[in-house]
Every structure is written in C-alpha cells, then in structure tokens.
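Peer 1: Quick one, what's the 3D model for this:
(one chain, ligands or ions: 1)
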Amino acid sequence: MDMLVIRGGQPLRGTVRTSGAKNAALPIMAACLLTDGPVRLSEVPKLADVDSLSQLLRLLGVDVEATGPQELSLRVIDRQHFTAPYDLVRKMRASICVLGPLVARRGRAKVSLPGGCNIGHRPIDLHLRGLEALGAQIRVEGGYVEASARRLRGATISLAGPCGSTVTGTANIMAAAVLASGVTTITSAALEPEIVDLAEFLNGLGAQITGQGTPEIRIEGVAALSGGKYSVIPDRIEAATLMIAAIATRGEVTITNIQPTHLESVIHLLREAGADIEIEQSGEETRVVAAGRRMLRPIEFSATPYPGVPTDLQAQLTALLTAAAGDSTVTDAVFPNRFMHVSELCRMGARIEHRGDGVVIRGRNRLSGASVMASDLRASAALAVAALAAEGQSVIRRVYHLDRGYERLDLKLQSLGGQVERILDSPDSIPGSDPTAFLKAA
Ligand code: UD1
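Peer 2: Reported below is the predicted structural model:
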C-alpha cells in the first residue's frame, strides 16, 4: 500500500489543471447500461473508483476500453448479467448507480447493499422507494437488493431525505425513468452539477429530461437510447481542494479546467476568511487564482447540499482553519458524523473540539508533521492539506483512499513545488525514519 511523505512549509505556486469530475463520471458510466450504441466519454479521470466501476460494468456485459489518456469507450455487448457482487460494491458505494439502469433496461437487477462507511450510516431507502414508485418489485435478501420490472412506468417521486435530497438516488431514479413509459417527475431532486451533467449526457443520447439543476426534474420516457460522445465536467471538489492547499501554504495557484459557478459558495466562504480568489477569463478559458497572502479570519459554516458548501470539502476546510486567527465552527448537515479526520489532525497539533453537532477549531495554530492515517477519501485530502502547511515531515498512510477520488494528487502537488513523495508502505523506505536508527545511534 502506498503512502505519501510530505515535507511541509513550502508555498505552492504555479498552474494546475483539474481532472474530470469523479461524481459525474461514475453515474454517467453506469448509465451506459441503458444504451443501444457505443458511447465515447472524454475527461474521465484516471481513478481507482473509475477502474472499479469499469470492472463491474465488464462483469455486466459492457466492453469498456481506454481509448485515450482520459477517454473511455463503452459498448454493451451482453445483456444477460444483472448482478453487482459484494466484492466490487464494497470497494465503491457509487456501484449502486447500476441499480436503476439495470432494472430499466434488463428488467432485473441484483446489487449488493453498499452498507455503511467511514463517513457514517448511508442508507439507500430513497433509491428503493423511487424504484418501487416506478413499478419495480424490490426484495432485500442475503445482503442484496433485488429489483425486477417488465417495464418501468412514470410516476411522481420525492427524493427528500432527513439530510436533504440524495445525489446518487437522483441519478439512479432519473436514469431509470428515461426508459420508463410515460412521464416521471422527481420532486426534491438533488441540485448538484453532477446531476445536471448526467441529464445532459442522457439527453444527448435521446432522453427527454428537463428541469435538471432545479428541485423538480421531469423525464418523459423514451423507447431507447442511442450511443454518442460526451465530455465530463471538471471536478469541483478537486479544484477546491487545490485552492485550499494553495491558501493553506500561503502560496498562489492558478487552476484551469474549472467552472467557478459550481464553486460559488466555496469561493464566497474562502473570501470571507480573507483568502484572495480571482476569476480570470482568457478567451474561452476560465481560470481561478487562489492565494493566501495573510492570516485567515475565523469563520463559521455548515456543509449543506448544493449550492451550499459541499460536505466533500468540509474536512479540507477544517484543516485550513487550524491556522485562522481565532476559533471557527463547522457542522455537516449532510453527513453529521463526518469528522473522522479530526483525531488525525489533532495528532498534527490541531486543537479541535467536538461541540454540539459539530466542531470548534481553535485557531492560531501551526501544525507539525506527524504520521497519520487516512480514514476516507476526503479525510485523506484534508491530511494532505494539513501536511503541506505543517512544519516538518508527515507520513500519510492508506493513500488508496486518496487514489479513489483524486487523479495523482501527489504529482499535481509536486508540479506546484510541494515536497510530496509517494513510496511503498514499508517503514524502511520513509526518509529520515529508519526504525533501527536508535540502535545505530546507541
Ligand atoms: C454523493 C457523493 C458524495 C457526497 C454526497 C453528498 C457520489 C458518487 N457521491 O454520495 O461524494 O459526499 O453525495 O453530497 O456522487 N440518504 C438517505 N437515504 C438514501 C440516500 C441518502 O437518508 O436513500 C442520506 C444520506 O445518509 C446522507 C444524505 O442523504 O445523509 C445525502 O446522501 P447522498 O446524497 O445519497 O450521498 P451519495 O449520493 O451516496
């Protein structure tokens, strides 16, 4: 297992390009199960999650081929299979996105229940309720959800949950409804840009979806979807993580392949904290310059569904705020228990206390390098941000979490002058941490 060794204190400087959005690419890939022709996707990030889903789609009879560095060709060649096994689903929760497309196009799906994960309890009741409303018979047995239907039929479905609307639930139901008979209306739909991207992709293949990006999505069922080409939107979470890393190191980084409109709440929050964020337009290209020129002001925020500050940036922002000039308060309304990164940040000298529903981050704190363990995807990004800003050397273990959702973040940070090294998980190979050093010294 790889790990990252980061020597902190170096301001990040330069220009870096964001990859395509993981959370858009995955449901789009899964929706290829609906199609009758070949699909060519560009701006697909090279990630462990994309590999896992490719593997699952192959099991389900899809020929998935890399036709370029960021390009995938997908063609359904066999429609007999309908099972997504536990071993693949447990690696990646987004595998649940095959459920809707399978039952819509093949009349049957058997998908392992994803279960909980390190960011908390993550039920799929809304996905199942939505499919039932479309006429699917649902059974949960032996850790699997089994869904069947001759042809789904349009319905009005609310996808509101106790913590807001469900993002992959909206993707699943919207994709399934595309081939249903009649009209489906999703109320309390997720507003995330990745849902809009999925709708645009499906419309390009012949679907009739309107209202994407609003709480009410209308889908007029069609008989079939053709193949086609599509380019995935830039990853707003990766872009913002790079912005946060630039600010945390008191550097200045220009980010390309970015859609600032997808990051309005984050840009607003970072500016409120005193960071410098400039949006530049040069011809067709939009660039965002993020810089940390002064000590940040403390802030208070809650992670909420889009267009709010994303829960997927809560951990990175928490790491950033350890250096603010006072106490900041953070809550997470989407995943209220998503604070696994706190104890690891504290190992680096952060002073963060749990209070009420959230945490209070005591500011005026220079972190110091330490050995830390990544607990989930975004927590690992938060540890990388903290390590880049810290004094001394940090070792981040379980980097596979990072590789699930960031395309070679280590190389991107290196290109910005960050002292980041990826090494194999063997204690002997950590620079300056020879476990026998004390014997030699004695
Ligand atoms: C997606 C993102 C993930 C992000 C999350 C919230 C993908 C692949 N993943 O995850 O990166 O952190 O949105 O922005 O796009 N819930 C229910 N019942 C359900 C489904 C969800 O109660 O059936 C709850 C969840 O427990 C959570 C909230 O709703 O509290 C939002 O979850 P959801 O939007 O479904 O997250 P994902 O789609 O799994």
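
Peer 1: got the residues of the stretch 301-442 of the chain near the ligand?
Peer 2: Residues of the stretch 301-442 of the chain lying close to the ligand (Cβ under 6 Å from any ligand atom) are 310-312, 334-335. The way it works is simple: take the backbone N, C-alpha and C, and place the C-beta from them, glycine included.

Peer 1: Buried only: go through these for me.
Peer 2: Neighbour counting with 16 or more other Cβ atoms under 10 Å marks 310-312, 334-335 as buried within these.

Peer 1: Look at Thr329 and give its secondary structure.
Peer 2: Following DSSP: H, G, I helix; E, B strand; the rest coil, Thr329 is assigned to strand.

Peer 1: who's it bridged to?
Peer 2: For Thr329, the beta-bridge partners under DSSP bridges are Glu300, Val360.

Peer 1: pLDDT and secondary structure for the residues of the stretch 301-442 of the chain next to the ligand - can I get that in a markdown table?
Peer 2: What follows is these, written out as a markdown table (pLDDT from 0 to 100; DSSP: H, G, I helix; E, B strand; the rest coil):
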| residue | pLDDT | secondary structure |
| --- | --- | --- |
| Pro310 | 98 | coil |
| Thr311 | 97 | helix |
| Asp312 | 97 | helix |
| Val334 | 95 | coil |
| Phe335 | 94 | coil |
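
Peer 1: just for the stretch 1-150 of the chain, where's the confidence low?
Peer 2: 115-117, 119-120 (pLDDT under 70).

Peer 1: need the helices for the stretch 201-350 of the chain, in chain order.
Peer 2: Ranges of helices within the stretch 201-350 of the chain are 236-248, 264-272, 314-321, 341-347, based on DSSP state H, counting those that start in this stretch.

Peer 1: Using CSV, write out every CA atom in the last one.
Peer 2: Included here for helix 341-347 are C-alpha records, laid out as CSV according to Å, rounded to 0.1, in the frame of the first residue of the first chain:
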residue,chain,number,x,y,z
HIS,A,341,-10.3,13.4,10.2
VAL,A,342,-10.4,15.4,13.4
SER,A,343,-8.4,13.0,15.5
GLU,A,344,-5.7,12.6,12.9
LEU,A,345,-5.5,16.4,12.5
CYS,A,346,-5.1,16.6,16.3
ARG,A,347,-2.1,14.3,16.0
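
Peer 1: So which elements touch it?
Peer 2: helix 314-321, strand 351-355, strand 371-373, helix 377-389 (3 or more Cβ pairs under 8 Å, 6 or more residues apart in numbering; DSSP states H and E).

Peer 1: With the longest one instead?
Peer 2: For helix 236-248, the packing partners by 3+ Cβ pairs under 8 Å, 6+ apart come out as helix 22-31, strand 252-256, helix 264-272, strand 285-291, helix 314-321, helix 377-389, helix 409-415.

Peer 1: Done for today, thanks.
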